[in-house]
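Participant: No letters, just coordinates:
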């Protein structure tokens with residue numbers, strides 16, 4: 001499915017629960033701004049503590065963003081469940097929701113850790129030697145770090161949507177499913193994300209208010225991408241062997257019917 005078609009379908013999906021989608025997006029934006037403001041205040045006293053507070057703060061407001069995804073999914077499933085901004089902070093759902101955020105981030109971190117280690121050594125050596133070769137190595141390692149981070153983030157990016165759709169699945173199994181579905185589709189997913197660059201540029205000019213529309217629009221677009229991949233995967237699960245068996249069964253039924261015809265005519 002073309003990116004333009006996915007985004008058009010996403011816009012249509014927004015109309016179904018527009019009020020709740022904008023409410024949860026607005027609530028998430030409010031807490032996001034509070035986290036940023038407090039981080040800036042803490043930064044005056046300690047930069048490291050400010051970075052830690054920023055990371056932890058965004059981690060704990062993720063359930064509000066997840067609620068936005070869940071509302072989109074519920075409209076697809078025609079569910080009557082009422083989902084609010086704080087829905088995933090209660091009913092024993094908080095831990096699973098936070099793990100849905102933590103596990104993909106942790107695996108991305110594990111992938112980039114060796115490159116970070118090598119980069120640290122490269123910078124230390126370059127600082128001492130100050131040669132062109134070591135400078136080139138440092139640049140290549142920085143590029144490798146960026147490529148791996150983006151690639152693995154995209155590979156695991158459907159985890160939240162899979163958990164939102166299938167409440168039984170564990171976050172780790174959802175991550176493996178995301179990896180499976182995005183295989184061979186990373187480029188298209190990257191281009192889909194890149195297509196929102198215009199909206200991202202508008203964020204500072206709108207004092208972040210555009211995010212109230214952008215958050216559900218982006219989530220709906222990624223969900224449409226996920227459902228299109230899932231539909232393809234469901235079709236591929238029908239093996240040639242299964243199809244052959246079905247054809248044989250049809251032929252057997254046809255044979256029986258043909259044999260019974262003369263008897264009925266008699």
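Facilitator: Sure, I can see it. Small disclaimer: the values here were computed from a predicted structure and weren't measured. Numbers count the residues shown, from 1 in each chain.
Participant: can you list the weak-confidence ranges in the stretch 151-266 of the chain?
Facilitator: For the stretch 151-266 of the chain, applying pLDDT under 70 flags the ranges 233-266.
Participant: So which elements touch the helix or strand where residue 106 lies?
Facilitator: Residue 106 is part of helix 94-129, with elements assigned from DSSP states H and E. Helix 94-129 is packed against helix 47-60, helix 62-77, helix 132-155, helix 159-165, helix 171-182, with contacts defined by 3 or more Cβ pairs under 8 Å, 6 or more residues apart in numbering; DSSP states H and E. The way it works is simple: take the backbone N, C-alpha and C, and place the C-beta from them, glycine included.
Participant: List just the one of those helices that sits closest to residue 22.
Facilitator: Nearest to residue 22 among the helices and strands packed on helix 94-129 is helix 62-77 (9.4 Å), distances taken as Cβ to Cβ.
Participant: chain center to the closest one, what's the gap?
Facilitator: Mean C-alpha position of helix 62-77 versus that of the full chain (Cα atoms, centre = their mean, to the nearest Å) differs by 12 Å.
Participant: Could you single out the most deeply buried of the helices and strands packed on helix 94-129?
Facilitator: Highest mean neighbour count among the helices and strands packed on helix 94-129 (mean count of other Cβ atoms under 10 Å): helix 159-165, with a mean of 25.
Participant: any idea of the angle the helix holding residue 106 forms with helix 132-155?
Facilitator: Put simply, helix 94-129 runs at 170 degrees to helix 132-155, going by axes from the mean of the first three to the mean of the last three Cα atoms, to 10 degrees.
Participant: Helix 94-129: which residues count as buried?
Facilitator: 96-101, 103-104, 107-108, 111-112, 115, 118-119, 122, 126 (16 or more other Cβ atoms under 10 Å).
Participant: and the angle for the host helix or strand of residue 223 with helix 171-182?
Facilitator: Assessed by DSSP H and E, residue 223 sits inside helix 211-236. Interaxial angle of helix 211-236 relative to helix 171-182 (the same axes, to 10 degrees): 70 degrees.
Participant: Quick check on residue 84: phi, psi?
Facilitator: With angles defined as degrees, to the nearest 10, residue 84 sits at phi -110, psi 180.
Participant: Relative to residue 159, how far out is residue 174?
Facilitator: 5 Å (Cβ to Cβ, to the nearest Å).
Participant: follow-up on the earlier one: any chance of the helices and strands packed on helix 94-129 in a markdown table, plus distance to residue 83?
Facilitator: A markdown table is the format used below for the helices and strands packed on helix 94-129 (distance: least, Cβ to Cβ, whole Å):
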| stretch | distance to residue 83 |
| --- | --- |
| helix 47-60 | 19 |
| helix 62-77 | 5 |
| helix 132-155 | 26 |
| helix 159-165 | 10 |
| helix 171-182 | 18 |
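Participant: Please name the residues that touch residue 47.
Facilitator: Taking Cβ atoms under 8 Å, 6 or more residues apart in numbering, we find residue 47 in contact with no residue.
Participant: can you tell me how far it sits from residue 40?
Facilitator: Taken as Cβ to Cβ, the span from residue 47 to residue 40 is 11 Å.
Participant: Excluding chain neighbours, what is closest to residue 220?
Facilitator: Ranked by Cβ to Cβ, 6 or more residues apart in numbering and with sequence neighbours excluded, the top spatial neighbour of residue 220 is residue 10, at 3.7 Å.
Participant: again with residue 218
Facilitator: Per Cβ to Cβ, 6+ apart, closest to residue 218 is residue 196, 5.9 Å.
Participant: so who does that neighbour touch?
Facilitator: Residue 196 neighbours (Cβ under 8 Å, 6+ apart): 214, 218, 221.
Participant: What separation do you get for residue 66 and residue 46?
Facilitator: Taking Cβ to Cβ, one finds residue 66 at 30 Å from residue 46.
Participant: Good, we can wrap up now.
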